[in-house]
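Student: Below: sequence and its predicted model.
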Amino acid sequence: MSNLLLALFIVGLVVLLAAQDWRRSVKAVLILVVIEGALRKWVLPQASQFIYFLKDFVLIGAYLRYFLLSPIQTRLFTQKALILVLVGCMAVWGGVQAFNPSLGSPIIGLFGFKSYFLYIPLIWLVSQIFGTEEELYRFIRNYLLLLIPVGILAIAQFFSPPTSPLNVYAWGEDGPAVVSSGLGTVRVTGTFSYLAGYATYLLTCLCLLLPVISRPQPRLWQILTLIEGGLIAVTAFMTGSRGLVLGSILLMSGYGLLLALTSFSSFINSARKLVLPGIVSFLAVSQGGRLAFESFWTRVERANDSIVARVLNPFTQPFRNFDLKGLDGYGLGATFQANGIIRRVFRLPPGETIPVYFENEMGRVGLEVGPIGFFLWYGLRLVLLFTLFKVFLQLTHPFLRQLALSVFVYQGVTFIAQMVYNHTANVYHWFFYGFIFLLPYLERIDQWQRAQPPNLLYGQPTHLSGTPYQQP
């Protein structure tokens with residue numbers, strides 16, 4: 001009982017502190033995503049499970065402050081009514097599936113509900129975190145600095161034996177063994193708990209790096225950008241993840257192609273600035289990262305499944321799974337990888353056995369929420385993806401426009417990838433969807449500031465009066 005009271009006290013304290021400044025709390029969550037695995041693996045392994053949920057408690061505090069203790073920005077919600085309607089419909093169906101008898105216990109359903117819906121409100125919070133384009137750029141620039149120590153750690157892991165203290169996963173004895181790559185080298189995880197988290201982080205950093213590279217920067221930041229690009233290139237092969245390498249190629253090629261089709265002058269300018277980073281990244285991989293590339297390629301050659309099958313299977317598997325339960329599903333959380341631990345900790349009865357193998361995201365969603373929930377969930381994501389593309393077409397400021405494009409391509413490339421039960425991807429996806437509201441607002445702010453006489457701007461707030469973006 002004393003341990004339970006202590007845990008409740010710590011949770012309450014975290015929520016209370018997070019509620020003091022919801023903007024800083026959201027930014028803190030993005031940092032926690034990067035360092036969470038390090039805390040779980042090396043700093044406080046005995047508190048691994050609590051640290052796993054730490055960012056969730058921080059977000060809950062931010063939500064309480066924003067939605068209950070600050071003026072509600074109602075116009076912000078009604079701007080994209082279809083998004084709100086789809087979220088509401090999916091939440092209702094998800095609530096029903098959280099109490100599905102097939103789960104064996106609603107506790108499993110509550111964990112599943114958290115995985116699906118806890119990060120969705122970021123769509124609306126993100127749009128009010130940054131006041132100007134320069135503020136957003138500085139945050140992205142500084143956030144990418146985390147890639148340098150994380151990448152250096154990943155390189156150290158790659159050249160360390162599997163038994164090294166650097167090469168451990170979270171959850172201790174309950175977790176899987178360290179995975180080796182093609183030449184017996186370790187598949188690196190950086191500061192993340194597992195492979196999937198680090199692979200997601202690298203692709204996210206590449207998404208942010210592409211528009212930053214083409215933006216004018218001081219010499220020091222140009223050099224740091226080159227270092228970050230090289231680390232992404234080298235450590236991507238060190239993960240041994242075919243999905244990450246293919247996703248990176250698709251992200252860069254999709255970004256370049258769409259930029260060329262919609263604004264050839266911007267494409268030429270970006271291509272010119274990408275030449276040097278591209279050469280540096282190539283040299284980093286071909287020389288310093290030769291063993292990493294050879295290890296990755298050996299794993300590709302030994303793989304017993306094809307890339308084509310891995311791409312097509314997510315689109316066909318859900319429809320095969322629908323035959324198992326008709327219009328129903330097995331319930332939210334039914335395929336959560338930590339269910340065994342949750343049932344053991346809470347002494348829960350076993351749920352209904354799922355008679356098919358599941359790995360890809362679309363197949364798992366189909367199993368959990370059935371055809372109704374499946375089409376609601378992916379209908380919502382398609383609407384968000386289409387809306388992001390519309391935002392890209394409407395923007396005129398180069399950096400904001402290219403940022404919208406990069407995020408759109410990222411969301412498209414990762415559409416079939418793990419998100420619901422990859423909490424790293426979950427946070428980044430919904431944070432990026434918030435750009436639907438954020439980027440047009442920042443462009444309007446910049447246009448308004450340019451239209452004002454300099455003496456009227458001095459000492460004035462940067463928000464537009466009468467908009468849903470005023471500071472609470």
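Tutor: Thanks, I have the structure now.
Student: what's the neighbour count on residue 314?
Tutor: When neighbours are defined as other C-beta atoms under 10 Å, residue 314 has 19 of them. No exception for glycine: its C-beta is placed from N, CA and C like everyone else's.
Student: Please apply the same query to residue 107.
Tutor: With other C-beta under 10 Å as criterion, residue 107 counts 16.
Student: Just confirm it contacts residue 348, I think it does.
Tutor: Yes: using C-beta atoms under 8 Å, residue 107 is in contact with residue 348, at 6.0 Å.
Student: list residues touching both of these two?
Tutor: residue 342 (C-beta atoms under 8 Å, 6 or more residues apart in numbering).
Student: what about residue 351, distance to residue 371?
Tutor: Using C-beta to C-beta, to the nearest Å, residue 351 is found at 20 Å from residue 371.
Student: Looking at the two, which one has more neighbours?
Tutor: Higher neighbour count among residue 351 and residue 371: residue 351, with 20 against 17, using other C-beta under 10 Å.
Student: Give the next helix or strand downstream of the helix or strand of the chain with the lowest mean pLDDT.
Tutor: Ranked by mean pLDDT, DSSP states H and E, the helix or strand of the chain with the weakest confidence is helix 74-78, at a mean of 54. As assigned by DSSP states H and E, the chain's next helix or strand after helix 74-78 is helix 81-98.
Student: Domain boundaries for the protein, per the record?
Tutor: What automatic domain parsing lists as the domains of the chain is 1-70, 81-452.
Student: any idea which of those domains is most buried?
Tutor: Between the domains of the chain, domain 81-452 has the highest mean count of neighbours, a mean of 18, where neighbours are mean count of other C-beta atoms under 10 Å.
Student: what sits against the residue lying closest to residue 145 once chain neighbours are set aside?
Tutor: Nearest non-adjacent residue to residue 145, counting by C-beta to C-beta, 6 or more residues apart in numbering: residue 224, 6.9 Å away. For residue 224, the contact set (C-beta under 8 Å, 6+ apart) comprises 144, 145, 148.
Student: so how far is residue 335 from the last one?
Tutor: Right, the one you point to is residue 148. Noted for residue 148: a distance of 36 Å to residue 335, by C-beta to C-beta.
Student: Show me where the stretch 151-300 of the chain dips below the pLDDT cut-off.
Tutor: 171-177, 182, 264-267, 270-278, 280-288 (pLDDT under 70).
Student: what's near enough to touch residue 409?
Tutor: Residue 409 sits next to 207, 250, 251, 254, 255, 258 when contact means C-beta under 8 Å, 6+ apart.
Student: What helix or strand is the closest residue in space to the fourth one that isn't next to it in sequence located in?
Tutor: Translated: residue 254. Closest residue to residue 254 apart from its sequence neighbours, by C-beta to C-beta, 6+ apart: residue 409 at 4.2 Å. Here residue 409 sits within helix 398-413, counting by DSSP H and E.
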